[in-house]
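Asker: coords below, sequence missing:
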């Protein structure tokens, strides 16, 4: 199995021989780490947690000294439009320490960073990619499109309070996490994060990201650290991230498809595997077919039964599943691409039942 090596690349432009440059570098590193950590956390972080964290750049002096350092860093971020807000529980005594979080409504960027014409051209270019649900960075594109669309608004700010509709689209912290993960993957930078397992256990991970994929609304990353086999992590279980650092290389023999899975791969221990068959239009591209099938199962090409297009063909995809209902749900999620259930009969009936339930729910609403 492929393994990776993580390395830390020193900044060749930094001059650590100069005390002034060294202090400036330490300050910049703290500010970046503070920004990344607060931007990707799901919960406010306490003062004590921040100023006692050496990985973030604090914790080397007294509480009072480190707190003053944190306040200076907070002020530096405020100068650049990034507002860190103090959170205090009104039900607790004032003597207890506060927590901190980025104020996303007050945070802003300068007007005029991009012209209206360029923003509209970029927004239109994003449309094709934004409509593909399998892309792990689709939600990031939606946020970019939202911000670009504000250029045409009378009170435009590139980073402005989201509308309630946009807030319901995706959690802001999850979005920040995905932006950071995708950037780290593209730049081949290592990531360190707090991860919550299915049982609720919290652990710290440091790894290089080999790839990302999306399955029924959940995004997963596959990554590894030095000397370990690649593992799969659910991105919505990442609590907070450090700033990407160091570098890594993806082994030449790594293939992401080896780690892809379907939700119907999981079922009760007493449930036997069953083969189901779905039809895919032959008009789908090879990339689309690979995305749908994960290169699992077998494909068979047959003539179409469509009397209006007798020359057309269909792909029959045969795949073993552990849970027929979940497989039917997956098939239904691909209906806009022309995917349909073919066999066995219980599989087709489950698919029809899901459609009926959806229609009934829509009528009630």
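Answerer: The structure has been received and is ready for your questions. Note that the structure is predicted; figures quoted are calculated from it, not measured. Residues are numbered from 1 along each chain as shown.

Asker: and the chain, what are its domains?
Answerer: The chain breaks down by automatic domain parsing into domains covering 11-102, 116-257, 263-364.

Asker: export these as JSON lines, with columns for mean neighbour count.
Answerer: For glycine as for every other residue, the C-beta is placed from the backbone atoms N, C-alpha and C. Output for the domains of the chain, formatted as JSON lines (neighbours: other Cβ atoms under 10 Å):
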{"stretch": "domain 11-102", "mean neighbour count": "15"}
{"stretch": "domain 116-257", "mean neighbour count": "16"}
{"stretch": "domain 263-364", "mean neighbour count": "15"}
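
Asker: in JSON lines, list these along with mean pLDDT.
Answerer: Putting the domains of the chain into JSON lines (pLDDT from 0 to 100) gives the following:
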{"stretch": "domain 11-102", "mean pLDDT": "79"}
{"stretch": "domain 116-257", "mean pLDDT": "74"}
{"stretch": "domain 263-364", "mean pLDDT": "85"}
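
Asker: right, and the helix or strand after the helix or strand containing residue 221?
Answerer: Following DSSP states H and E, one finds residue 221 within strand 218-224. Next helix or strand after strand 218-224 toward the C-terminus (DSSP H and E): strand 231-234.

Asker: tell me where the stretch 151-300 of the chain has strands.
Answerer: 191-196, 202-215, 218-224, 231-234, 238-241, 247-248, 274-281, 298-303 (DSSP state E, counting those that start in this stretch).

Asker: JSON lines for those strands, including distance to residue 35?
Answerer: Formatted as JSON lines, the strands of the stretch 151-300 of the chain follow (distance: least, Cβ to Cβ, whole Å):
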{"stretch": "strand 191-196", "distance to residue 35": "15"}
{"stretch": "strand 202-215", "distance to residue 35": "19"}
{"stretch": "strand 218-224", "distance to residue 35": "21"}
{"stretch": "strand 231-234", "distance to residue 35": "23"}
{"stretch": "strand 238-241", "distance to residue 35": "11"}
{"stretch": "strand 247-248", "distance to residue 35": "21"}
{"stretch": "strand 274-281", "distance to residue 35": "45"}
{"stretch": "strand 298-303", "distance to residue 35": "47"}
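
Asker: looking at these, which is closest to residue 179?
Answerer: Nearest to residue 179, of all those, is strand 238-241, at 10.0 Å by Cβ to Cβ.

Asker: adjacent strands (with direction) for the closest one?
Answerer: Partner strands and pairing direction for strand 238-241 (DSSP bridges) are strand 191-196 (antiparallel).

Asker: what does the partner strand contact?
Answerer: Strand 191-196 has contacts (Cβ atoms under 8 Å, 6 or more residues apart in numbering) with 40, 55, 180-181, 184, 202-209, 223, 233, 237-242, 244-245.

Asker: by how many degrees do that strand and strand 218-224 diverge?
Answerer: Strand 191-196 runs at 120 degrees relative to strand 218-224, counting by axes from the mean of the first three to the mean of the last three Cα atoms, to 10 degrees.

Asker: longest helix anywhere in this structure?
Answerer: Secondary structure of the chain per DSSP state H: the longest helix is helix 19-40.

Asker: rewinding a little: for the strands of the stretch 151-300 of the chain, which one sits closest to residue 26?
Answerer: Residue 26 sits nearest to strand 191-196 of all these, at 18.4 Å, using Cβ to Cβ.

Asker: so who does the nearest residue to residue 207 once chain neighbours are set aside touch?
Answerer: The shortest distance from residue 207 to any residue other than its chain neighbours is 4.0 Å, reached at residue 223 (Cβ to Cβ, 6 or more residues apart in numbering). Residues near residue 223 by Cβ under 8 Å, 6+ apart: 191, 207-210, 230-231, 233.

Asker: returning to what we had before: how far off strand 191-196 does the longest helix of the chain point, in degrees?
Answerer: 40 degrees.

Asker: oh, and call the first residue 24 from now on, that's how I've got it
Answerer: Okay, residue one is now 24; in that scheme the one you just asked about reads as helix 42-63.

Asker: gap between the next helix or strand after helix 42-63 and the chain center?
Answerer: Per DSSP H and E, helix 42-63 leads on to strand 68-69 as the next helix or strand towards the C-terminus. Mean-position distance between strand 68-69 and its chain equals 23 Å (Cα atoms, centre = their mean, to the nearest Å).

Asker: just checking: what are the partner strands of strand 68-69?
Answerer: If you go by DSSP bridges, strand 68-69 pairs up with strand 122-125 (antiparallel).

Asker: quick check, nearest of the contacts of residue 246 to residue 93?
Answerer: residue 214 (23.2 Å).

Asker: so what's the closest one bridging to?
Answerer: residue 230.

Asker: which residue is nearest the centroid of this protein?
Answerer: Residue closest to the mean C-alpha point of the chain, counted by Cα atoms, centre = their mean, is residue 201 at 3.2 Å.

Asker: residues touching residue 227, list them.
Answerer: Applying Cβ under 8 Å, 6+ apart, we find residue 227 in contact with 215-218.
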